[in-house]
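Q: One predicted model, sequence on top.
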Amino acid sequence: MHDKLQFLKTDGTRIIDEDGKPVALRGVALGGWLMMEGYIMGGRNLPERIFRAEFEKALGKDAMADFTRQFRKNFIREYDFKLIKEWGANCVRIPFNYRLIEFEDLPFSLNEEGLKCLDDAVRWCEKYGLYCILDMHAAPGAQNPDWHSDCVGKPELFTNEANRERFLRLWHFLANRYKHVSNVAGYDILNEPVIEIEKESELKDLYSKVTWEIRDTDKKHIIFLEGNIFGQRLDFIGKPEDKNTALSIHAYPITDYVFNFEKDLRYPGKVYNIPWSKKALDLITLPYRMLSDKFEVPIYIGEVGINWRGGHYGELRWAEDILDVFERYGISWTWWTYKSVAGPIHPDGIFRYVKSPDWVNHKGPLTGLETYSGEWPKHRNDMISSWKTESFKPNDHMHALLERFFEKN
């Protein structure tokens with residue numbers, strides 16, 4: 001058991017503890033665990049609810065409940081929190097689907113089994129001396145049009161009053177539940193919102209309302225506000241009225257290179273007819289630091305990561321350069337992501353599952369999530385075993401690089 005961590009708060013552009021000591025958060029995100037993402041599990045990026053509906057249709061509710069229980073129990077365990085602490089990290093970001101806490105078809109009815117998973121994560125962080133940031137990755141109605149907000153069709157958080165009310169009440173509930181837990185660094189209240197630029201005032205208004213709901217019960221924890229357009233546009237937020245607020249962005253500069261959407265791109269090198277180097281990464285990060293100074297608020301990079309191609313295309317150089325830039329500007333960050341099935345696109349894990357059993361099935365035509373209902377009856381125990389981190393291959397190169405930055409904690 002580690003010494004109890006102090007509450008964190010903002011102080012101008014810094015995050016500090018109760019003794020006034022500056023704290024730079026450096027850690028990892030636990031993507032894919034409490035909010036399933038297709039590519040992290042080696043398949044297409046289906047919204048989680050579509051995967052669940054198809055699985056349940058094929059095998060029934062009891063099988064779906066068993067699958068969910070076993071996945072949550074094994075994909076991330078207490079073992080992983082202990083390991084992350086041993087690396088030297090001081091923070092984990094915990095993405096979750098709002099349906100982890102509340103049943104979709106029963107508004108304001110608690111999903112006690114799901115909520116226990118979040119409680120366990122917070123408790124394990126406390127046990128091993130890690131701060132955690134609670135990240136609502138999928139909000140009621142969905143806050144953007146992509147799979148990682150569990151969106152089917154169009155996002156309806158901003159257009160449906162009932163969804164907004166559920167969102168506000170959920171954060172009031174969570175803030176009340178964790179208000180006395182000092183190792184909760186704060187609440188990342190809405191992952192990667194997307195709203196028309198001319199309607200950004202509506203997002204700002206929602207941020208004001210959710211801040212009021214949280215502060216009605218919890219005066220201590222930091223509130224992290226993400227920018228519009230997948231965490232990129234911050235200016236519209238202005239200087240937060242709440243004094244214990246940080247602004248958050250997601251940093252995947254040179255997206256086609258970082259996500260490996262366009263093959264054979266290299267770093268340093270020319271992408272979009274622009275020469276990219278550490279100097280260029282510095283230049284695109286500088287405006288966020290300037291915004292931090294202007295509004296007197298800390299900047300936190302909730303996600304930064306890269307698709308691994310064996311290290312042959314400058315992946316390590318890119319990672320080292322961008323983390324160096326964050327260090328230069330005093331910006332906290334969490335790496336996306338801790339573990340994933342190795343895949344050809346999107347940022348993957350420090351631990352990567354490289355095998356291709358029947359339920360991963362890289363040869364296709366169905367891969368990852370879309371194979372699960374067919375393979376679960378035949379391979380249940382093997383699938384459960386494959387989810388454990390010991391079955392994944394560590395990316396030793398990226399791990400060693402990240403450890404160098406974690407040592408600064």
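A: Great, that's in hand. Quick caveat: nothing in here was measured; it's all calculated off a predicted structure.

Q: from here on, contacts and neighbour counts on C-alpha atoms
A: Will do.

Q: Now Tyr29: closest residue in space, sequence neighbours ignored.
A: Check again: residue 29 is Ala, not Tyr. In space, and not counting its chain neighbours, Ala29 is closest to Arg93: 4.4 Å by CA to CA, 6 or more residues apart in numbering.

Q: isn't that neighbour right up against Gly32?
A: No. With contact defined as CA atoms under 8 Å, Arg93 and Gly32 do not form a contacting pair (11.6 Å).

Q: Mind checking which of those two has more residues around it?
A: Arg93 (26 against 23; other CA atoms under 10 Å).

Q: Contacts only, for that one.
A: Gly27, Val28, Ala29, Leu30, Cys132, Ile133, Leu134, Asp135, Gly302, Thr334 (CA atoms under 8 Å, 6 or more residues apart in numbering).

Q: repeat for Arg164
A: Counting by CA under 8 Å, 6+ apart, Arg164 has contacts Pro140, Leu157, Phe158.

Q: the bottom helix or strand of this protein by mean pLDDT?
A: Least confident helix or strand, the chain: helix 228-231 with a mean of 92, by mean pLDDT, DSSP states H and E.

Q: Counting by contacts, list what the helix or strand that comes right after that helix packs against.
A: Going down the chain from helix 228-231, the next helix or strand is strand 245-251, by DSSP states H and E. With contacts defined as 3 or more CA pairs under 8 Å, 6 or more residues apart in numbering; DSSP states H and E, strand 245-251 has these neighbours: strand 222-226, helix 228-231, strand 299-304.

Q: now, of these, which is deepest in the fold?
A: Counting by mean count of other CA atoms under 10 Å, strand 222-226 has the highest mean neighbour count of these, with a mean of 26.

Q: That one to strand 299-304, inter-axis angle?
A: On the basis of axes from the mean of the first three to the mean of the last three CA atoms, to 10 degrees, strand 222-226 is oriented at 60 degrees to strand 299-304.

Q: List the contacts of strand 222-226.
A: With CA under 8 Å, 6+ apart as the test, strand 222-226 has contacts from 8-10, 185-193, 207, 211, 232, 234, 244-249.

Q: Equivalent analysis for stretch 98-105, please.
A: Outside stretch 98-105, the residues that touch it by CA under 8 Å, 6+ apart are 34, 108-112, 114-115, 136-140, 170.

Q: Show me what counts as buried in it.
A: Within stretch 98-105, the residues scored as buried using 16 or more other CA atoms under 10 Å are Tyr98, Arg99, Leu100, Ile101, Glu102, Glu104.

Q: Could you tell me the average pLDDT over stretch 267-274, please?
A: Across stretch 267-274, pLDDT averages out at 94.

Q: how about that stretch: buried residues?
A: Tyr267, Pro268, Val271.

Q: what about burial for the contacts of stretch 98-105, which qualify?
A: The buried subset of the contacts of stretch 98-105 (16+ other CA under 10 Å) comprises Leu34, Leu110, Asn111, Gly114, Leu115, Met136, His137, Ala138, Ala139, Pro140, Leu170.
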